[in-house]
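Chemist: sequence-free structure coming up:
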């Protein structure tokens, strides 16, 4: 477990990377569409984990 929580900008970039953002030096900041795609993937993963935990209970 990390000793410090990540900064908001770091979390947004990580989510954007899940949505397809490449995070190269010259890329700048991720766009809304890429962040949305990443959030959609995170939500799907969270729902899957929840369903698996409920099934095992």
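Modeler: Yep, it's here. Because the structure is predicted, anything quoted here is derived from the model rather than measured.
Chemist: average pLDDT for the longest helix anywhere in the chain?
Modeler: Longest among the helix segments of the chain by residue count, using DSSP state H, is helix 32-56. Mean per-residue pLDDT for helix 32-56: 96.
Chemist: all numbers from here: first residue = 778
Modeler: New numbering, starting at 778: the last item is helix 809-833.
Chemist: so what touches it?
Modeler: Outside of helix 809-833, the residues within contact range by C-beta atoms under 8 Å, 6 or more residues apart in numbering are 789, 791, 792, 793, 794, 795, 796, 797, 798. Backbone N, C-alpha and C define where each C-beta goes, glycine included.
Chemist: who wins for neighbours among those?
Modeler: The most crowded member of those, judged by other C-beta atoms under 10 Å, is residue 793 (24 neighbours).
Chemist: my guess is that residue meets residue 805, correct?
Modeler: No - between residue 793 and residue 805 there is no contact under C-beta atoms under 8 Å: 11.1 Å.
Chemist: starting at the chain centroid, how far to the longest helix of the chain?
Modeler: 9 Å (C-alpha atoms, centre = their mean, to the nearest Å).
Chemist: report the buried residues of that helix.
Modeler: Within helix 809-833, the residues that count as buried by 16 or more other C-beta atoms under 10 Å are 811, 812, 814, 815.
Chemist: among those, which pair sits farthest apart?
Modeler: The largest separation in the buried residues of helix 809-833, counting by C-beta to C-beta, is between 812 and 814 at 7.4 Å.
Chemist: picking up where we left off before, in CSV, list the buried residues of helix 809-833 along with distance to residue 821.
Modeler: Compiled in CSV, these are given as follows (distance: C-beta to C-beta, whole Å):
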residue, distance to residue 821
811, 16
812, 15
814, 11
815, 11
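Chemist: tell me the one among the residues you listed nearest to residue 779.
Modeler: Nearest to residue 779 among the buried residues of helix 809-833 is residue 815, at 19.7 Å by C-beta to C-beta.
Chemist: from residue 807, how far out is the closest one?
Modeler: According to C-beta to C-beta, to the nearest Å, residue 815 and residue 807 sit 8 Å apart.
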